[in-house]
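>>> Would you be able to build a 3D model of this:
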Amino acid sequence: MTSSPTRSPLRRITARGRDEAHRVASPLELFFDLCFVVAIAQAGVALVHAIAEAHAGEGILNYAMVFFAIWWAWMNFTWFASAYDNDDALYRVVTLLQIAGVLVLAAGVSRAFEDHEFLAVWLGYVIMRLALITQWLRVARSSEGAERTTALRYAFGVLMCQVGWLGLLVLPEGGRAWVFLVMAVLEMCVPPFAERDHPTSWHPHHIAERYGLFTIIVLGETIAAATVAVKSGIDEHEALGELLPIAAGGLLIVFAAWWIYFVVPIHGHLRSSRQAFLWGYGHYLVFASAAAIGAGLEVAVEQAVGKAHISTLAASAAVTLPTSLYLLTVWLLHSRYFKVGIAQQLVLPVTALLVICCTFLGDRAVLAAGIVVALAVVTGTSLTARMAAREGQEPARVA
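Predicted structure coming up:
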């Protein structure tokens, strides 16, 4: 929705239509997504350092916690905007305030990883969530009946969860992982609770586009991180021969990841709130694994030039495991709904298994994994083309 100079800068915030034509991402939403790259990059850098120093278990746990905070803040805004973006001056200001909260969160990522100090992350979240509560209260003021109840439930649920996150600051360090687990579950219960009587009017095509754009941003950050790592390795160690296979394999993985995600038009599958919740929540693993691929490529580069204190097997696993998780999650969330026949259904699960097997191929593990996922794209495309050709021939035979 674009504003006009003749329109009031402050307007009632009312629901947009689910069948609205030409519903696309706004420039403000694109700016919002782009600012999340900062937080994702910080989480990726911290994960690289943890794995390279042989603290993979602790690093993955911290990464899961921080990435959940990033993803959940993005998701809350995305679904709200899909239903209630009125693009007035106050809406824009409150959204920019949420972006400021993202930047505060990003500034605290390294402290959260290294010292388990979550104050900056929590403060960033407070800024974002207070802004979101303001938006829901605006909806409540402009609506009535079941819709008003939904808005108030959202505002109350978000506020209570934010209070619960105080546990990360006041409880002993040993209990913070449990606080995270409990609060993450409670956070994800808020939308089903709020919308049980009156679902919000999110737009299927708009939601699919927003998730697709964020996937592109995450994959772009993966390429950027891997490129910087390879450049640094070449400049400092002149290890071109060791790094070229990693660079080539990494590019093939990222290109295939893009192809596999966007090969199907998923918006047609988002027909109900239950389907949308499962699909939307599952993208935590899609986004987290896609970003982790970039971190894994950086680890592989550091190990190849002798900067990481881990084995070749561990460095290879840092790439192959998130790649396999990405393939399986994308298949589970939407690819499988568009596959016809057992051969098409097996392409991605079998590819994920083969990628894991590539872990044991030593210095060529990343390149081998890249070739495997590229061949999966070729195989899937060929199977689809053959099926389309058979379907095109059937009417001629009948005639």
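>>> Please verify my assumption that Leu243 contacts Val230.
Yes. Leu243 is within contact range of Val230, at 5.2 Å (criterion: CB atoms under 8 Å). C-beta: built from backbone N, CA, C; applies to glycine.
>>> who touches both of the two?
Counting by CB atoms under 8 Å, 6 or more residues apart in numbering, the contacts common to Leu243 and Val230 are Val301.
>>> Helix or strand: which one has Thr384?
Per DSSP states H and E, Thr384 falls inside helix 365-398.
>>> tell me what that helix is packed against?
helix 240-262, helix 312-333, helix 341-358 (3 or more CB pairs under 8 Å, 6 or more residues apart in numbering; DSSP states H and E).
>>> For the helix or strand following the longest one, which residues meet the burial criterion?
For helix 240-262, the succeeding helix or strand toward the C-terminus, using DSSP H and E, is helix 273-304. Taking 16 or more other CB atoms under 10 Å as the neighbour-count basis, helix 273-304 is seen to contain the buried residues 273, 276, 279-280, 283-304.
>>> tilt between helix 273-304 and helix 365-398?
140 degrees (axes from the mean of the first three to the mean of the last three CA atoms, to 10 degrees).
>>> what separates helix 273-304 from the chain centre, distance-wise?
Here helix 273-304 shows a centroid-to-chain-centroid distance of 6 Å under the convention CA atoms, centre = their mean, to the nearest Å.
>>> for the stretch 251-399 of the chain, which spans come out with low pLDDT?
Of all residues in the stretch 251-399 of the chain, those with pLDDT under 70 make up the ranges 267-268, 391-399.
>>> Let's see the pLDDT reported for the residue lying closest to Ala194 once chain neighbours are set aside.
Leaving aside its sequence neighbours, Ala194 sits nearest to Arg153 (CB to CB, 6 or more residues apart in numbering; 3.8 Å). You'll see Arg153 listed with a pLDDT of 96.
>>> secondary structure class for Arg153?
At Arg153 the chain is in helix, as set by DSSP: H, G, I helix; E, B strand; the rest coil.
>>> Roughly how far does Gln162 sit from Pro172?
Gln162 is 21 Å from Pro172, where distance means CB to CB, to the nearest Å.
>>> before we move on, what about Pro192?
32 Å.
>>> same question, Ala100
31 Å.
>>> Who has more neighbours out of the two?
Ala100 (14 against 6; other CB atoms under 10 Å).
>>> Run through the residues that contact that one.
Contacts of Ala100 (CB under 8 Å, 6+ apart): Ile127.
>>> hang on, the earlier thing: so which of the helices and strands packed on helix 365-398 comes closest to Leu61?
Evaluated over the helices and strands packed on helix 365-398, closeness to Leu61 peaks at helix 312-333, with 14.8 Å, by CB to CB.
>>> Show residues contacting stretch 264-275.
Contacts for stretch 264-275 (CB under 8 Å, 6+ apart): 192, 195, 199, 204-205, 207-209, 276, 279, 333-335, 337-338.
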